[in-house]
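Visitor: no sequence on this one, just coordinates:
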């Protein structure tokens, strides 16, 4: 029986190489998207909804790494909870050079809700995206066509995510 003998000094390197195949590869320059609040993921159609915290009081971040400019549109200036925020809702969005737009929707306005350039900054408070607990919706699209590839394989329906935990990648 032949066995591969690995010297003791190389064993840690082989262990790291074995772990590397378990971690999904990302494209160079890809941006990490962390959960903007702690909550349970729901994936209706082509968006990710996170339900957790308290509507109107749990802080919510933009979640995307890197210093990005966020355009914030306020359509519901008062705190709305338990209303499913149908119709016009508050939206924070960043449009990338490739034409893709990343949005956070259905959140409540706070003193931190305004246009700005930041890295994972607080943008408001949990809202009501049709779920009684505090929630927010994350969406990526280009010219009205929704894109699910950014969270496919990273976030699963019913999964609980801690604030900042990997939701997906934008490239």
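Guide: Here it is on my side, so go on. These numbers come from a predicted model, not from an experiment. Numbering: from 1, shown residues only.

Visitor: Which residues outside the strand or helix carrying residue 72 are in contact with it?
Guide: Per DSSP states H and E, residue 72 falls inside strand 68-73. Strand 68-73 is contacted from outside by 62, 90-95, 113-119, 121, 123, using Cβ atoms under 8 Å, 6 or more residues apart in numbering. In short, each C-beta sits where N, CA and C put it, glycine included.

Visitor: strand partners of that strand, parallel vs antiparallel please.
Guide: Sheet partners assigned to strand 68-73 using DSSP bridges are listed as strand 91-95 (antiparallel), strand 116-118 (antiparallel).

Visitor: Out of those strands, which gets nearest to residue 158?
Guide: strand 91-95 (25.6 Å; Cβ to Cβ).

Visitor: Touching that closest one from outside, list them.
Guide: The contact list for strand 91-95 (Cβ under 8 Å, 6+ apart) reads 62, 64, 68-73, 75, 101-105, 107, 113, 123-124.

Visitor: List only buried entries from these.
Guide: 62, 64, 68, 70, 72, 101-105, 107, 113, 123-124 (16 or more other Cβ atoms under 10 Å).

Visitor: Just the ones of these in helices?
Guide: Assignment to helices by DSSP state H places none of these there.

Visitor: just the residues you listed now: which is nearest residue 44?
Guide: The shortest approach to residue 44 among the buried ones among the contacts of strand 91-95 belongs to residue 105, at 12.3 Å (Cβ to Cβ).

Visitor: thought the closest one was touching residue 136?
Guide: Yes. Assessed by Cβ atoms under 8 Å, residue 105 is found in contact with residue 136 at 7.1 Å.

Visitor: can you give me the helices in this protein?
Guide: In the chain, the helices defined using DSSP H lie at 11-20.

Visitor: which strand is the longest one in it?
Guide: Longest strand in the chain by number of residues (criterion: DSSP state E): strand 135-142.

Visitor: name the helices or strands packed onto it?
Guide: strand 48-51, strand 101-105 (3 or more Cβ pairs under 8 Å, 6 or more residues apart in numbering; DSSP states H and E).
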